[in-house]
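A.B. asks: Turn this into a structure:
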Amino acid sequence: MTSPASAVLVFLDPDFPDGRLADASKPQLLVTDQGATRGDGIFETMLAVAGKVRKIQAHLDRLAGSADALDLAIPGEADWRRAIGTALSEHHAQHPPAAGSDDELVVKLVVTRGVEGAPAPMSWVQVSPVGAAGRRQREAGIDVILLDRGYDSDVAERAPWLLLGAKTLSYAVNMAALRHAHKQGADDVIFVSADGRVLEGPTSTVLMAHVEASDDGTSVKRLITPQLDSGILAGTSQGALFAAAKAAGWELGYGPLEPQDLLDADAVWLISSVRMLTPVNRIDGKEVGTPSVQKELTTELNELFAGIG
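C.D. replies: Numbering: from 1, shown residues only. Okay, the predicted model is just below:
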């Protein structure tokens with residue numbers, strides 16, 4: 001959990017071109033803000049390494065897409081970039097990184113609709129250290145359970161007001177799913193649609209891989225993710241890794257996937273911006289893939305992912 005003392009908060013304020021610094025340990029949001037009372041808002045979570053935010057353009061583009069879906073008028077890209085720069089500089093000034101450390105920071109962009117009748121949304125940047133749990137899971141892998149999300153894979157097209165492709169603040173269901181998984185002794189969840197399609201994790205995108213021998217004796221590696229039109233959030237990390245994998249000679253695929261496809265894969269991962277590529281060891285108690293193959297593929301994909309700007 002992030003301590004207020006270790007977090008830096010910068011509000012996007014028209015009177016402060018580079019953002020307005022605020023004390024993260026003191027109240028900053030009105031209790032009547034619709035982000036707090038209704039979960040009416042959007043956010044993005046990014047990773048900064050050595051002061052540089054990874055995939056920043058992809059995150060800003062997705063934030064703008066979520067804002068369009070919610071009819072939110074948010075600050076422009078240049079305003080966000082200046083506020084992010086202010087927050088990172090201030091965090092480094094307050095908490096200088098130790099020599100030889102990775103210096104990984106979580107950069108969160110948040111927009112709420114504000115109080116009823118407010119002239120503009122509330123927008124801010126928060127910078128804080130990466131938690132130890134995420135780092136451990138990257139290395140050791142995780143056990144997941146499959147959970148029914150309660151709707152079929154075509155609902156996003158039929159009911160766009162459900163905002164399934166937007167990254168909103170309404171994460172109560174996702175957090176409830178994670179708590180349920182923890183009570184079952186698992187680390188995370190993969191959602192499945194009512195018609196049996198693999199969707200996504202509560203805070204991540206699902207990836208799987210197959211390795212096959214070609215006629216000339218070389219290996220053909222294929223990286224697969226669920227179809228985006230099934231009502232899942234387009235993952236910035238998945239998109240960037242797919243581009244890097246394609247350039248490295250991997251074949252790519254987009255579902256549709258069923259749970260058995262995951263169990264039959266040579267390796268499965270959950271991928272997200274901060275936790276990055278996290279191997280899935282077991283699904284519903286069943287081992288996934290071959291540990292040696294998974295380790296080899298994870299190392300190769302992590303090297304590709306590390307080269308992404």
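A.B. asks: CA atoms for contacts and neighbours, from now on please.
C.D. replies: Fine.
A.B. asks: Return the residues in contact with the residue most central in space within the chain.
C.D. replies: The centroid of the chain falls nearest to S272 when counting by CA atoms, centre = their mean (3.9 Å). If you count contacts by CA atoms under 8 Å, 6 or more residues apart in numbering, S272 has them with T203, S204, T205, G235, T236, S237, Q238.
A.B. asks: mind redoing it with 10 Å?
C.D. replies: By CA atoms under 10 Å, 6 or more residues apart in numbering, the residues touching S272 are 45-47, 201, 203-206, 235-238, 278.
A.B. asks: and which of those residues is nearest to I84?
C.D. replies: Taking CA to CA as the measure, I84 lies nearest M46 of the contacts of S272, at 10.6 Å.
A.B. asks: Which residues does the closest one form beta bridges with?
C.D. replies: For M46, the beta-bridge partners are V107 (DSSP bridges).
A.B. asks: how near is it to W250?
C.D. replies: Distance of M46 to W250, given as CA to CA, to the nearest Å: 26 Å.
A.B. asks: mind giving me the domain ranges of the protein?
C.D. replies: For the chain, the structural domains run 4-130, 136-306, going by automatic domain parsing.
A.B. asks: Let me see the mean pLDDT of the first one.
C.D. replies: Averaged across domain 4-130, pLDDT comes to 93.
A.B. asks: Which residue, other than its chain neighbours, is closest to L30?
C.D. replies: Nearest residue to L30, sequence neighbours excluded (CA to CA, 6 or more residues apart in numbering): V115, at 7.6 Å.
A.B. asks: Same check on D33?
C.D. replies: Among residues not flanking D33 along the chain, V115 sits closest, at 4.2 Å (CA to CA, 6+ apart).
A.B. asks: burial count for the one you found?
C.D. replies: For V115, the neighbour count with other CA atoms under 10 Å is 19.
A.B. asks: same check, this time on the one 10 residues further on
C.D. replies: Around V125 there are 28 other residues, counting by other CA under 10 Å.
A.B. asks: And A58, by the same measure?
C.D. replies: The burial count for A58: 16, using other CA under 10 Å.
A.B. asks: Same check on A140?
C.D. replies: 11.
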